[in-house]
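Enquirer: from the sequence below, what's the structure:
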Amino acid sequence: MQNINIDHTIYKTKPDKANRAKKEMDIYDLLEILDIPYFRLDHDETPSIELCDEVEKLLGIEICKNLFLCNSQRTSFYLLMMPGRKKFRTKDLSRQIDSSRLSFAEAEDMEKLLNIKPGSVSVLGLVNDISQSVQLLIDKDVLQSEYVGCHPCVNTSSLKIKTSDLLTKFLPYTGHQPIPVDL
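Expert: The predicted structure is shown next:
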């Protein structure tokens, strides 16, 4: 398993904007406006959930696996939040949302709809889905967790945010109504 470099300092404020992407800084600004506190950990790129072990230990959470999915016609898009270590079975989800043949959406659709690149998928990217083209699906285990772990639209930082703040402040701001699923 590959190791990543991690700044072991846990921050409660946004970073200096030098050498940071605008979309990342926009997330911190929005969290501040919405009065959503967070804990932040900076690290090398984490393009997969398997590389998040130490990040999870330091933040005291399980990082969510965020999957960007679509139907076979590429007319319906879904962002699925689920526990990072839980197995994903397409047929279990397809049945619950009454959609056949779900697959991973194309990187171009992810960038167009969420302004996020593969490896950085995050619920926070829904702020960029102004056309409401992406349906948020959240596994019941994530909904029952006190905190969610996610990226601020880049995979070089991880945030720990109260699930209740995500559900009662962030999602109402974006206009997305999550659908609970049981995977």
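Enquirer: specify the next element, helix or strand, located C-terminal of the helix or strand hosting residue 164.
Expert: Here residue 164 sits within helix 163-165, counting by DSSP states H and E. Stepping forward along the backbone from helix 163-165, the first helix or strand reached (DSSP H and E) is helix 171-174.
Enquirer: quick one: contacts of the next helix or strand along the chain from that next one?
Expert: Sequence-wise, the next helix or strand downstream of helix 171-174 (DSSP H and E) is strand 179-181. Where contact means CB atoms under 8 Å, 6 or more residues apart in numbering, the residues beyond strand 179-181 that reach it are 80, 93, 96, 97, 135, 136, 137, 138, 139, 140, 143. For the C-beta atoms, the positions are set from N, CA and C on the backbone; glycine is no exception.
Enquirer: out of these, which sit inside helices?
Expert: By the criterion of DSSP state H, membership of the contacts of strand 179-181 in helices covers 93, 96, 97, 140, 143.
Enquirer: shouldn't the first one be in contact with residue 80?
Expert: Yes. Shown here, residue 93 and residue 80 form a contact pair, counting by CB atoms under 8 Å, at 6.8 Å.
Enquirer: neighbour-wise, which of the two wins?
Expert: residue 80 (24 against 21; other CB atoms under 10 Å).
Enquirer: low-confidence ranges in this protein?
Expert: Per-residue confidence for the chain (pLDDT under 70) gives these ranges: 1-2, 47-51.
Enquirer: spatially central residue for it, please.
Expert: Residue closest to the average C-alpha location in the chain (CA atoms, centre = their mean): residue 122, at 2.1 Å.
Enquirer: where's that one relative to residue 74, distance?
Expert: 21 Å (CB to CB, to the nearest Å).
Enquirer: quick one: the helices in the protein?
Expert: Counting by DSSP H, the helices of the chain are 22-33, 53-59, 90-97, 107-114, 140-143, 163-165, 171-174.
Enquirer: nearest to residue 156, out of those?
Expert: Nearest to residue 156 among these is helix 22-33 (8.1 Å), distances taken as CB to CB.
Enquirer: now the angle from the closest one to helix 107-114?
Expert: Helix 22-33 and helix 107-114 are oriented at 30 degrees to each other (axes from the mean of the first three to the mean of the last three CA atoms, to 10 degrees).
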